[in-house]
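**Student:** model the following, please.
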Amino acid sequence: MTADDDWNVIYSYSREQALADGVLVDVTETAKSLGFKVHTAVSATLYHGYVEPPAGVTGEGQSVTGRLHDLLFLVLCSAKKSHPGADQATVRIAFLMEPGRTVTVDVIAHIGPGDQREPVLTLMLPEDD
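**Tutor:** All right, here's what the predicted structure looks like:
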């Protein structure tokens with residue numbers, strides 16, 4: 001086995017590129033308003049599939065702002081209960097997908113190094129990992 005510095009990097013995909021490409025959606029400002037202290041992004045699959053409310057539920061009081069707030073709040077509550085030093089937690093969250101029907105999804109909250117080795121938080125679905 002060789003040390004990590006002995007490997008030739010063929011290609012890397014930075015967080016900055018993922019944000020520019022729309023693979024990740026930056027939600028840092030909303031996250032900061034709830035008390036998060038690190039750059040926070042949501043995978044496009046989670047954001048467009050669940051945070052953005054489907055047609056037909058806006059009359060049910062559903063909005064991107066409200067659903068994002070609820071997602072971040074539940075992740076924050078889960079993070080406060082997680083094992084110290086853990087870099088990942090899974091949170092089960094129910095989203096209203098049409099009047100009278102919710103879908104419960106597992107959301108992975110992963111904190112790890114960003115492009116400059118700074119701590120960053122990424123929220124994603126299990127298939128996004």
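**Student:** neighbouring contacts of the helix ranked longest in the chain?
**Tutor:** For the chain, the helix reaching the highest residue count under DSSP state H is reported as helix 64-81. Around helix 64-81, the neighbours that count as contacts under Cβ atoms under 8 Å, 6 or more residues apart in numbering are 27, 30-31, 34-36, 40, 42, 50-53, 89, 91, 93, 95, 107, 109, 123. For the C-beta atoms, the positions are set from N, CA and C on the backbone; glycine is no exception.
**Student:** again with stretch 93-104
**Tutor:** So stretch 93-104 is contacted by 50, 53-54, 56-57, 59-60, 62, 67, 70-71, 74, 92, 105, 107 (Cβ under 8 Å, 6+ apart).
**Student:** again, only this time at 10 Å
**Tutor:** Stretch 93-104 has contacts (Cβ atoms under 10 Å, 6 or more residues apart in numbering) with 46, 49-51, 53-57, 59-62, 67, 70-71, 74-75, 78, 92, 105-107, 123.
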